[in-house]
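Peer 1: With the sequence up front, the predicted model follows.
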Amino acid sequence: MSGDEKDAVDTLLDKLSEAGRGSQPLKSPLLVGDYEVAYTSTQRAGTQKGQPSGGRFRGAIGRMLFQTTGLYQSILPGDSAPVAVNKVHRKASISDSNQA
C-alpha cells in the first residue's frame, strides 16, 4: 500500500472514529469474537515500539526470521471491559538434524 493510500485509509478511520463518538461499542456483546487484522498503521501507533499488531515480530528483523502468514485479534469478555489478545501466525520452520 502506498503512502498516499495509507493516508487515505487513516483519514477514513479518523472519520469513522468521529462518527462513533459518544457511542459505547465496548459494552456491546457483539464486539466479542475472533478477527483477522486487515490493516495496521504505524502512523497511528504513537510512541509504541514495533508494529501495532505483531510488535517486533513484524519489524524488519522479525519478518526476516519469522515469516508471518496471518495477524489475528481476539476480543474476549473481561470483568469491567473487553480484553484484546493479538496473535501472530507464522510459518513453521522444521529442520532435520539427521540430514548430512
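Peer 2: All right, it came through fine.
Peer 1: By mean pLDDT, flag the weakest helix or strand of this structure.
Peer 2: Across the helices and strands of the chain, mean pLDDT, DSSP states H and E gives its lowest value to helix 60-65, namely a mean of 72.
Peer 1: which residues sit against the very next helix or strand once past that helix?
Peer 2: Scanning forward in sequence from helix 60-65 by DSSP states H and E, the next helix or strand is strand 68-76. Residues outside strand 68-76 that contact it (C-beta atoms under 8 Å, 6 or more residues apart in numbering): 31-37, 40, 53-54, 57-58, 82-91. Heads up, the C-betas are built off the backbone N, CA and C, glycines and all.
Peer 1: how does it look with 7 Å?
Peer 2: By C-beta atoms under 7 Å, 6 or more residues apart in numbering, the residues outside strand 68-76 that reach it are 31-37, 53-54, 57-58, 82-91.
Peer 1: Tell me how far it lies from the chain's centre.
Peer 2: 7 Å (C-alpha atoms, centre = their mean, to the nearest Å).
Peer 1: List the strands paired with it, with their directions.
Peer 2: Using DSSP bridges, strand 68-76 pairs in its sheet with strand 33-36 (antiparallel), strand 83-90 (antiparallel).
Peer 1: what pLDDT does Ser97 get?
Peer 2: Ser97 carries a pLDDT value of 43.
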